[in-house]
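S.K.: Build the 3D model from these lines:
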Amino acid sequence: MESEFISLRNNYMPKNIKAIFVLESPPAGHGYFYDPTGRVSEVLFRAFMKAILDFKPATKDEGLRRLADAGYVLMNPIYTPVNKLPDKEADRLILDNYENFKKDLNAIMKNTKTPIILVKSNIFRLLEKPLLADGFNVVNNGLLIPFPLHYHMNTFEERVRKLLQV
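M.R.: Residues are numbered from 1 along each chain as shown. You can find the predicted model right below:
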């Protein structure tokens, strides 16, 4: 299953990466960001289209291609869905997969100066220090980017734009 998620993501890999967004994991069930058969109304997809591109695509494929053309990619530190697990178990699985995540990051990055933006409080808490210690360019500088649920949508948009200077 992990390879399916990565394959879908890699179909929309930018030629020149401007920034990498790191989120938690694909969701259990449906709604994976890089699934082109999904709905444009999916919360995360809609938030990225608005915050970064200010674009309302007709299809997910159209939006994903536009995002790749703009140079942005979303990654997960683990491709096993953890959103339905207890927080401590999800955190442990994410940390246990850290070395694989680093390999995945290094495989797509041209250099370690590529800006990395951590989204979601647990991802920020778990990964900021290890990534910085390993020489990655995490640009949050202490700024938490919340997952863009309806009540966090404006905060998500403002903080993403601030970090990207969009």
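
S.K.: Please name the residues that touch Pro57.
M.R.: Contacts of Pro57 were listed using Cβ atoms under 8 Å, 6 or more residues apart in numbering, and they are Val40, Met49, Gly63, Arg66. Every residue, glycine included, has its C-beta placed from N, CA and C.

S.K.: tell me the pLDDT at the third one?
M.R.: Reading off the per-residue confidence, Gly63 sits at a pLDDT of 98.

S.K.: One more: the second one?
M.R.: With respect to pLDDT, Met49 scores 96.

S.K.: what's it in contact with, if anything?
M.R.: For Met49, the contact set (Cβ under 8 Å, 6+ apart) comprises Val40, Phe55, Lys56, Pro57, Gly63, Arg66, Leu67.

S.K.: where along the chain do the strands fall?
M.R.: 19-22, 72-75, 115-118, 137-138 (DSSP state E).

S.K.: Which residues are in contact with Asp91?
M.R.: Asp91 neighbours (Cβ under 8 Å, 6+ apart): Asn122, Leu126.

S.K.: swap the cut-off to 6 Å and go again
M.R.: Asp91 makes contacts with Leu126, as judged by Cβ atoms under 6 Å, 6 or more residues apart in numbering.

S.K.: for this structure, which spans come out with low pLDDT?
M.R.: The chain contains residues with pLDDT under 70 at 1, 166.

S.K.: Good, we can wrap up now.
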